[in-house]
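[1] I need the structure of the sequence given here:
(3 chains)
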Amino acid sequence: MSEEIQALPQIKKPATFIGKYVFSRDHKIIGLQYFFLALAAALAGTLMSLLIRLRLAWPQERWPLLEMIFPNGFSDGLMKPEFYLAMVTMHGTMMVFMVLSVAPQSAFGNYFLPIQIGAREMVFPRLNMLSFWLTFASFVVLIAALFVAGGAPIGGWTFYPPLSAIASAGPGQGAGADLWLVSIGVFCLAAFLGSINFIVTTLTRRTKGMSLMRMPLTCWGWFTTACISLLAFPVLLVAGLLLFLDRNFGMSFFKPAGLVVTGQVIEGGGGSPLLWQHLFWFFGHPEVYLVIIPVMGVISHVMATFARKPVFGHRAMVTAMLAIGALGFLIWGHHMFVSGMNPRLGLAFSVLTLVIGVPSAVKTFNWLGTLWGARIRFTTPMLFAIGFVSLFVSGGVTGLVLGQMALDMVFHDTYFVTGHFHMVMGVAAVFGIFAATYYWFPKMFGRMMNETMGKLHFWLTFAGVYAIFVPFHLLGIAGHPRRYADTLWFDFLKPLEPLHIFITIAAFVTAAAQLIFAGNFLLSLRKGARAGDNPWEATTLEWTVATPPPMENFAGRLPVVHRGPYEYSTPGAAKDYSMQTESLD
Amino acid sequence: MATTLTPKQTDAPSTDGGGFDDVGDGGYGGDDGRGGGWSNELTPPPEGYSLAIRLTIVSITMLFLALTSAYIFNRARLQPLVTPRVLWVSTSFILASGVTMELARRALRRRLEDRFRLWISATMLLGLCFLGAQIVLWKRLVASGFYVNKNHHSGYAYIFTGLHGAHLIGGLIALAYVMARRPASWTAVRRRVSVDATALYWHFLDGLWIYLLILIFYWR
Amino acid sequence: MKICELKLVIHSPLPTPHSPPPLPTLMSRLLAIAIWLTAIVTAGLFAWSKWRLPESVAAHSAMIDHQFKITLAVIGVGFLLAHAALGYVVWRYRAKDGERASPSQGNARVEFILAGCVAVVFIALAITGQRVWARLRLNQAPPGAVQIEAVAQQFVWNFRYPGPDGKFGRTDPRLYRDADNSIGARPGPLGLDPNDPLGKDDIVTPTLVAPANRPISLSLLSKDVIHDFYVPALRMKQDAVPGMKINIHFTATREGRYEIACAELCGQFHHQMRAYLDVKSPRDYEEWLKKNGKQ
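    From the prediction side, this is the model:
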């Protein structure tokens, strides 16, 4: 090797505020932008869920104050059912796309993937910036759907046509539904650009010694998820495009002939509503894994750190992630058992659905194995990680009920389903996001978060989500259909009203507990104890760089990796952790 | 940073990898990773472009596969549609552009700058001609009464050709970029890799057109 | 080479002053108890008789209820085992001064055995579940079943009986008259074609009247958007998709009036889309047919 000292690459530091924080190409700033976008969306989505809960608990209560805020959503202080359904639709869309798809993958992935594999940047920083701003545009358009004539769409986040293909089928199915489709289309483009960047960066920018198997499981999660988005989002884009054409250009891919809506015969015909469901769920099921796989990575990562133990069965964890990602493409039909799809097709989908439980069980087993013989440090991120395992199990097992066609016929579109997915991909993923936030906050902002407030936040949230979502299952067993604006019309639903009131109170308490998180976050930003470079005594590369990381991530040369990602408690070593950069002897 | 090496020490530690295999199951594997880091720092690996373009092609393939399934699901092909002759003109344009693209790529390999520019220009011209022919195709379809919403078949014909055209415009922008950017402003390797990636994308669009041609106009 | 490695060791980041989380013992105890308690309460709520499936009047419901019980038992065991183990490791393996965790990195054999067992259980569940489904949905209604059509629209259910001729008459979307849905109205909400003799004796009603203990073959249709024919008392749910005719069949075993709901979001007043399933004794049913079918 030549001995001349070559100049290190200079990453141009933007001088202006706009260049630095707005149109930034720095993956860390972009990661933070995504993070704050997801926080804003989570706030909006949570407020929507509270409005939903209000209507369900007290359908005949008058809310004159709320009417002042949403004059179109209320009449005489009573919440209109279409406003309730608009909130249901927007809550689902906001949470699934803008929070759960953004925070674990785009936010933390952007910030930490390059650092954890020993790179200075994403391969395509400009694309990265574009990807964020497209996501932001998508968010703005989605919010705009609330403020157009007729309000937000009422078709649910699954947006089944013909309800969503015909503007006259309900309030909000006009301009609001068009904006929804535009928003989702733009989101697809953003997800595509993001996934290209993640995959290429992972495959080409690993530093010396960073073999694939030495990558932290977080990186594996982000990589697998990027592969899933690359394949899944184009299908959603096609579905959205066809629906948009159906709505606005007189086509009828999803509309059969002879529809009569509000007394009007709808033009066109020859389409099939099932086509949408196939396209949507071909995307929609992998979407679930696209949310949970990066969270699984984060949980393994956090757990190893605070268990002071290597991850149990590292290779099995990677294999399970890839298996879940691949199998996820083969089981979309389990959302359609009662849709009118050929009942024979369900046989294959059902078996494959239960088979995907196997890698999930392996992961759970390995998390327990990681804790077995550990020396657990009960920090806030660790509490959330352990809480995640509990929620993942609780939400996952009910999937075995819903995966069987005969039982799905009973529970399809009841609160049992709502409870199932809120547990396993909703709050479990949110626990992952909290774990990641508490864990990486010191690295991102240079200060520690307050542990006492963090623990209080955990306890209230853990109790709260169980109090909310276990009763969901009970409502489902009693036969309560989802997306019902109230229980007043059916005799078999009336006795369930007290449970709704209980859930609503639990939801408000849990939502209030999130204020502790918000307070902790803001307070710690300014007043938190200064964090060192490696406050958790962790092993991976993000803890070798300065806190917060400089523009070029690694001062001086790029690091060389000598070890696996989770070498904790190695016998004979001086400390109970060995950084990946420490040489072997 | 303490753990990173200072710039003076340019020799890379040669021992890495392995190490953990002997501890038990689930060792982290012993391959020596990407060997990035040292040489890559100054000339980031250009293979990023070709990998990115391959992934893009995978994603676009997914897009057209999804559309194809929708096309079959809607039984669109069972409805009538005319087959204007201009299809052959556009097909020959795009096939010819594939040839000129390849010639341009080879010219660049042999460092024949003028020829490279000539063939790239020819490719762009043929690409534009193809787009022109597609617009004529649309006009012919309209003239025969096959509007966007005439039946599913005509609807899909417009969607397929429109999306293909949109992706082709992306290809034209890439061609314009590799031609317009001054050779001195980037390394020869990067330039060649960019041209290769563009060529790969262009050939993909070639093949995609043949597929669409058969799917929409000849598969009954 | 040597020098640089030495440097690495010397300059590895000094452990920053790490304040061990306060009260590790208390936290470990609390969390373990919380996990166990959550699991027991949750499992208890599922087992508690108050939260059972609604009372059923369908002949097939025993099969479904049995499958549900088996599945609940299996997932209950899995759920409790996982939480017992999680609570145990949290209780047992808290950080202690000067002690190190076991450096174990996994055990492929245990993992394979476990994955194998889980796979066997899950696939067995899937296969037993399929038997139930096959008996419900993969065979035709028995010959002699009562033929009824259910036609959904925003936010009403219509039911049509073929009348004495056993055949349904033609309908036309342009003739839909939703305003007059009294029994015997022509063309009525289903737009019965007045020129079709087959439709003369068709009965269109807003209530699904069915004889007890006779197989019913129900064809589901929709006039506008997707609805879902859902009768909690029948353990049955099936989408009614516009442009499709979907056949289901069932036998109701007990007389009575049961609610029919819509279980697929169909618009603003989805939650009000109610009808009744009126199961009558065969004699009452015949009488009802006669009374309403003579227009």
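[2] not counting its neighbours along the chain, what's nearest the residue of the stretch 151-295 of chain C found nearest chain A?
    Distances between the stretch 151-295 of chain C and chain A by Cβ to the nearest Cβ are smallest at residue C:243, namely 2.4 Å. In short, each C-beta sits where N, CA and C put it, glycine included. Using Cβ to Cβ, 6 or more residues apart in numbering or on different chains and skipping residues adjacent in sequence, the residue nearest residue C:243 is residue A:256, 2.4 Å away.
[3] for residue A:305, same thing?
    residue A:538 (4.5 Å).
[4] count the neighbours of that neighbour for me.
    Residue A:538 has 25 neighbouring residues, counting by other Cβ atoms under 10 Å in any protein chain shown.
[5] can you give me the distance of it to residue A:381?
    As defined by Cβ to Cβ, to the nearest Å, residue A:538 lies at a distance of 11 Å from residue A:381.
[6] same check on residue A:52?
    30 Å.
[7] looking at the two, which is more packed in?
    Neighbours were counted for residue A:52 and for residue A:381 using other Cβ under 10 Å; residue A:381 has more, 27 against 22.
[8] pull out the buried positions in the helix or strand containing that one.
    Using DSSP states H and E, residue A:381 maps to helix A:380-397. Within helix A:380-397, the residues scored as buried using 16 or more other Cβ atoms under 10 Å in any protein chain shown are A:380-397.
[9] so what touches the helix or strand just after that helix?
    The helix or strand immediately downstream of helix A:380-397 is helix A:399-402, counting by DSSP H and E. Applying Cβ atoms under 8 Å, 6 or more residues apart in numbering or on different chains, the contact partners of helix A:399-402 are A:334, A:353-354, A:357, A:407-408, A:411-412, A:416-417, A:420, A:424, C:68, C:71-72, C:74-75, C:122, C:125.
[10] domain ranges for chain C, per the record?
    C:23-92+C:121-139, C:146-292 (automatic domain parsing).
[11] what's the closest non-adjacent residue to residue A:258?
    residue C:173 (4.3 Å).
[12] give the contact list for the one you found.
    If you count contacts by Cβ under 8 Å, 6+ apart, residue C:173 has them with A:258, A:259, A:260, A:265, C:191, C:223.
[13] run through the buried residues of helix A:380-397 and flag the ones next to chain C.
    A:383, A:386, A:389, A:390, A:393, A:394, A:397 (Cβ under 8 Å from any Cβ of the partner chain).
[14] let me see the contact set for the residue lying closest to the third one once chain neighbours are set aside.
    Same thing as residue A:389. Using Cβ to Cβ, 6+ apart and skipping residues adjacent in sequence, the residue nearest residue A:389 is residue A:367, 5.1 Å away. Contacts for residue A:367 were tallied using Cβ under 8 Å, 6+ apart; they are A:299, A:300, A:303, A:312, A:389.
[15] one more time with 10 Å
    By Cβ atoms under 10 Å, 6 or more residues apart in numbering or on different chains, residue A:367 lies in contact with A:296, A:299-300, A:303-304, A:307, A:311-313, A:317, A:385-386, A:388-389, A:392-393, C:82, C:86, C:89.
[16] picking up where we left off before, gap between the residue nearest to residue A:258 and chain B?
    Between residue C:173 and chain B the distance is 19 Å, computed by Cβ to the nearest Cβ, to the nearest Å.
[17] cool, and residue A:307?
    If you go by Cβ to the nearest Cβ, the gap between residue A:307 and chain B works out to 15 Å.
[18] how many neighbours does the closest residue to that residue other than its chain neighbours have?
    Spatial nearest neighbour of residue A:307, excluding adjacent residues (Cβ to Cβ, 6+ apart): residue A:374 at 3.5 Å. For residue A:374, the count of nearby residues is 27 (other Cβ under 10 Å).
[19] wait, residue A:374 sits on residue C:91?
    No - here residue A:374 does not reach residue C:91: they are 11.9 Å apart, not a contact under Cβ atoms under 10 Å.
[20] what does stretch C:47-54 rub up against?
    Counting by Cβ under 10 Å, 6+ apart, residues outside stretch C:47-54 touching it are A:410-411, A:471, A:473-479, A:492, A:495-496, A:499, C:45-46, C:61, C:64-65, C:68-69, C:72-73, C:76, C:231-235, C:258-259.
[21] just the ones of the residues you listed in strands?
    Those of the contacts of stretch C:47-54 mapping onto strands are C:231, C:258, C:259, per DSSP state E.
[22] in the helix or strand where residue B:142 lies, which residues are buried?
    Per DSSP H and E, residue B:142 falls inside helix B:113-143. Going by neighbour count (16+ other Cβ under 10 Å), the buried part of helix B:113-143 is B:116, B:119-120, B:122-124, B:126-127, B:129-131, B:133-134, B:136-138, B:140-141.
[23] pLDDT at whichever residue of the stretch 1-150 of chain A sits closest to chain B, what is it?
    Nearest residue of the stretch 1-150 of chain A to chain B: residue A:123, at 4.5 Å (Cβ to the nearest Cβ). Looking at residue A:123, its pLDDT stands at 91.
[24] can you tell me the SS state at it?
    coil (DSSP: H, G, I helix; E, B strand; the rest coil).
[25] show me which helix or strand of chain A is least confident by mean pLDDT.
    Every helix and strand of chain A was ranked by mean pLDDT, DSSP states H and E. The lowest is helix A:17, at a mean of 79.
[26] strands of the chain, residue ranges please.
    Reading this off chain A. With DSSP E as the criterion, chain A has strands spanning A:74-75, A:78-79, A:260-261, A:264-265, A:567-568, A:577-578.
[27] so which of those comes closest to residue B:150?
    strand A:264-265 (19.0 Å; Cβ to Cβ).
[28] in its sheet, what does the closest one sit against?
    strand A:260-261 (antiparallel) (DSSP bridges).
[29] residues contacting the partner strand, please?
    A:162-163, A:166-170, A:173, A:266, C:153-154, C:173-174, C:176, C:178, C:191, C:223-225, C:242, C:267.
[30] only whichever of those residues are buried, select them in ChimeraX.
    Only the buried entries of the contacts of strand A:260-261 go into this ChimeraX selection, using 16+ other Cβ under 10 Å:
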select /A:162,163,166,167,169,170,173,266 /C:153,154,176,178,191,223,224,225,242,267
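[31] before we move on, the earlier item: most tightly packed of the strands of chain A?
    Ranked by mean neighbour count, the strands of chain A are led by strand A:567-568 with a mean of 24 (mean count of other Cβ atoms under 10 Å in any protein chain shown).
[32] elements contacting that one?
    helix A:273-307, strand A:577-578 (3 or more Cβ pairs under 10 Å, 6 or more residues apart in numbering or on different chains; DSSP states H and E).
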